[in-house]
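S.K.: predicted model follows, preceded by the sequence.
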Amino acid sequence: MIAVLFTAVGVGGFVVGIVSATRSIPPFEYRNDGPQAEATVQLSAGTRYAAWELEGSTDSCSFDQGITTHGTKTSFTVTRDGRDWQRVTDFSVATDGAYQISCGPPFAIGEAPELGQLAGGLTGGILALTALPCLGVTIGGIIALVTGLRRSSHKRRLLGGA
């Protein structure tokens, strides 16, 4: 019974981890599916953004004055509407306003994903799915062993005293 309970909790933990991981990838705030490679986008200070292009595109963007690029340490791809988008670079602005961004069309702009939250959600979910059922089986086995030993000892005591 304990093993079943821990397995159910492990599956629940896995679901929570996956939901947390998928919510760490914010939606695109701007998407350019047209033939033009340039767009004016409203950006806010204090937010870290990411530029996305379709996978296999040129991987190059140019930015207006006032935009600070941060580069990316890892390649990262997401699927939106059946299309694979790869992150080109992360950037931020010092002041709110409209900025020119030019990338090989099509491209999209959105908040940069929280990769730590993504990795934590996936790792936590997988650990919950594997470790909790194992822990439940172990605890259940210990309880069964202790109960069996106590019953055997009690039975011997009763038979010895009769």
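M.R.: The structure has been received and is ready for your questions. Predicted model, so just to flag it, every value in this text is computed and none were measured.

S.K.: what's the burial count for Ala98?
M.R.: Neighbour count of Ala98, defined by other C-beta atoms under 10 Å: 10. Every C-beta, even on glycine, is put in place using the N, C-alpha and C of the backbone.

S.K.: who's the residue nearest to it when sequence neighbours are not counted bridged to?
M.R.: Distance criterion C-beta to C-beta, 6 or more residues apart in numbering; nearest residue to Ala98, sequence neighbours excluded, is Thr40 at 5.0 Å. Beta-bridge pairing for Thr40 (DSSP bridges): Gln100.

S.K.: name all residues that make contact with Thr40.
M.R.: Thr40 makes contacts with 98-101, as judged by C-beta atoms under 8 Å, 6 or more residues apart in numbering.

S.K.: again with Thr130
M.R.: Applying C-beta under 8 Å, 6+ apart, the residues near Thr130 are Gly10.

S.K.: any regions of this structure where pLDDT drops low?
M.R.: Across the chain, the ranges flagged by pLDDT under 70 are 21-24, 59, 73-74, 115-118, 161-162.

S.K.: which stretches in it count as strands?
M.R.: 28-32, 38-43, 49-54, 61-63, 67-69, 77-80, 83-93, 97-103, 107-111 (DSSP state E).
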